[in-house]
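# Give me a model of this one.
(2 chains)
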Protein chains: 2
Amino acid sequence: MNYPNGIKKPQNTSPITYSNRGMSLESDLNESNEYYREIDKAYIYKKPTPIKIVKVNYPSRDKAVIKEAYYTIPSTTDYNGLYKGRYIDFEAKETKSKTAFPLANIHSHQIKHIKNIYNHQGIVFLIVRFIHYNETYLLLGKDFLDFIEHENRKSIPYSFFQQKGYIIKDGYRPRIDYLKIVDTIIGGI
Amino acid sequence: MNYPNGIKKPQNTSPITYSNRGMSLESDLNESNEYYREIDKAYIYKKPTPIKIVKVNYPSRDKAVIKEAYYTIPSTTDYNGLYKGRYIDFEAKETKSKTAFPLANIHSHQIKHIKNIYNHQGIVFLIVRFIHYNETYLLLGKDFLDFIEHENRKSIPYSFFQQKGYIIKDGYRPRIDYLKIVDTIIGGI
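Residues are numbered from 1 along each chain as shown, chains lettered A, B, ... in the order given. Model prediction:
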């Protein structure tokens, strides 16, 4: 069984760290979502990584040790939840590229999921960090889907994010205040 | 490390089956949610079981085998998603008891979560199946929270479900059409 192509290892098992260039996007988002919960602003969680369990041992009555399991491809985006009575849904990705965000980062069923959520009046977007520029963009699902439908490309140019995306400024708490941008989106609906 | 008290083993690793009394609630819900997606009605998913990964082997570049991992306590309910532009959130449990639903089935942080979702205008509920009667009830988060606040009991009596809950009839597809009941709730808001 393979580690499916394109699946990012969960952060806590990854040997790669970017600690010398600030925290990873995932830990920034976890901290931000935790902060939003603390101040009773929004209830948005990262979904657990889907795992196919093959073998479990029970060394004693109340213990279970998973001895063989594999990462599986997620069928939805990683984050969802509730903000101001609205359904929020997004995927977050980092790229080292200076020029474009490779679409291989988003699986085809995730694209379908984004389309479904958009069609059913959920608030859906991508959060993409260009590590080289230390810039984090929120790109609305609508703009992402428009790009995919009209462009036959394997990546979304950095310039598209500059043009259509909303830059999310780094902060202290929350580290990335993406709900500030969601507010302008809700306001505009 | 313990298999935390009260955590139900995920179905696919459980040695217990109820196949002689119909499918389990979890598989009924998975089938129903799949059906809702097929007919483009709602996008509601079961969250993956949260697992703490301790050891991963990489026998080759693209393979990852999890060799040691443990079940962890979920901080939210198991199911959430989007229906008619609304945020949907619920927990589903079966009980063999004839008289009451033991509250040990719902962790304290799940109760807190249900409260948060209710306060922020999400549609939140429990789906509880009394295996003995082969009856499945939807109990609104509001009624569940009312019970917990006013009663100092370790279980919710079966009669409370009969009185306050909505019975969900078995069907062919979907097997349990809980959104029919959500429709009456949305209509009443």
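# Now do the helix ranked longest in chain A: everything it contacts.
Longest helix in chain A, counting residues (DSSP state H): helix A:25-38. With contacts defined as Cβ atoms under 8 Å, 6 or more residues apart in numbering or on different chains, helix A:25-38 is touched by A:11, A:22-23, A:42-46, A:79, A:81, A:83, A:92-94, A:127, A:129, A:136, A:173-179, B:116. Where C-beta positions appear, they are placed from N, C-alpha and C, glycine not excepted.
# you'd agree A:I127 is up against A:I88?
No. Counting by Cβ atoms under 8 Å, A:I127 stays clear of A:I88, with 11.5 Å between them.
# Just the element for the residue positioned nearest the centre of chain A, please.
The centroid of chain A falls nearest to A:A92 when counting by Cα atoms, centre = their mean (2.2 Å). Assigned by DSSP states H and E, A:A92 falls within strand A:86-95.
# Can you give me every residue that contacts A:K55?
A:66-69.
# mind putting the residues you listed in a markdown table, pLDDT and distance to chain B included?
Output for the contacts of A:K55, formatted as a markdown table (pLDDT from 0 to 100; distance: Cβ to the nearest Cβ, whole Å):
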| residue | pLDDT | distance to chain B |
| --- | --- | --- |
| A:I66 | 96 | 4 |
| A:K67 | 96 | 7 |
| A:E68 | 96 | 7 |
| A:A69 | 95 | 4 |
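# now these in JSON lines, with secondary structure and neighbour count?
JSON lines is the format used below for these (DSSP: H, G, I helix; E, B strand; the rest coil; neighbours: other Cβ atoms under 10 Å in any protein chain shown):
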{"residue": "A:I66", "secondary structure": "strand", "neighbour count": "22"}
{"residue": "A:K67", "secondary structure": "strand", "neighbour count": "16"}
{"residue": "A:E68", "secondary structure": "strand", "neighbour count": "16"}
{"residue": "A:A69", "secondary structure": "strand", "neighbour count": "23"}
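# Name the spans of chain A whose pLDDT lies under the cut-off.
A:1-22, A:188-189 (pLDDT under 70).
# A:R37: how many residues sit nearby?
A:R37: 18 surrounding residues under other Cβ atoms under 10 Å in any protein chain shown.
# still on that earlier bit, what comes up buried for the helix or strand that comes right after the strand holding A:A92?
Using DSSP H and E, the helix or strand that follows strand A:86-95 in sequence is strand A:100-102. Across strand A:100-102, burial judged by 16 or more other Cβ atoms under 10 Å in any protein chain shown covers A:100-101.
# got it, and stretch A:42-53?
Neighbour counts over stretch A:42-53 (16+ other Cβ under 10 Å) mark A:42-51, A:53 as buried.
# Equivalent analysis for stretch A:82-94, please.
A:82-83, A:86-94.
# same thing with stretch A:129-149?
A:129-131, A:135-141, A:143-145, A:147-148.
# likewise stretch A:107-114?
In stretch A:107-114, counting by 16+ other Cβ under 10 Å, buried: A:107, A:110-111, A:113-114.
# who's in contact with that stretch?
Here stretch A:107-114 has contacts from A:6, A:73-77, A:89, A:91, A:124, A:141, A:144-145, A:148, B:43, using Cβ under 8 Å, 6+ apart.
# Specify which member of those residues is nearest to A:S159.
The closest of the contacts of stretch A:107-114 to A:S159 turns out to be A:F144 (Cβ to Cβ; 14.9 Å).
# quick one, what contacts that closest one?
A:114, A:125-126, A:156.
# would you put the C-alpha positions of the helix or strand hosting it in PDB?
Per DSSP H and E, A:F144 falls inside helix A:141-150. Below are the C-alpha coordinates for helix A:141-150, written out as PDB (Å, rounded to 0.1, in the frame of the first residue of the first chain):
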ATOM      1  CA  GLY A 141     -13.800  29.200  -3.800                       C
ATOM      2  CA  LYS A 142     -15.600  31.100  -6.600                       C
ATOM      3  CA  ASP A 143     -12.300  32.600  -7.900                       C
ATOM      4  CA  PHE A 144     -10.500  29.300  -7.600                       C
ATOM      5  CA  LEU A 145     -13.300  27.500  -9.500                       C
ATOM      6  CA  ASP A 146     -13.400  30.200 -12.200                       C
ATOM      7  CA  PHE A 147      -9.600  29.700 -12.700                       C
ATOM      8  CA  ILE A 148      -9.900  26.000 -13.000                       C
ATOM      9  CA  GLU A 149     -12.800  26.200 -15.400                       C
ATOM     10  CA  HIS A 150     -11.300  28.800 -17.700                       C
END
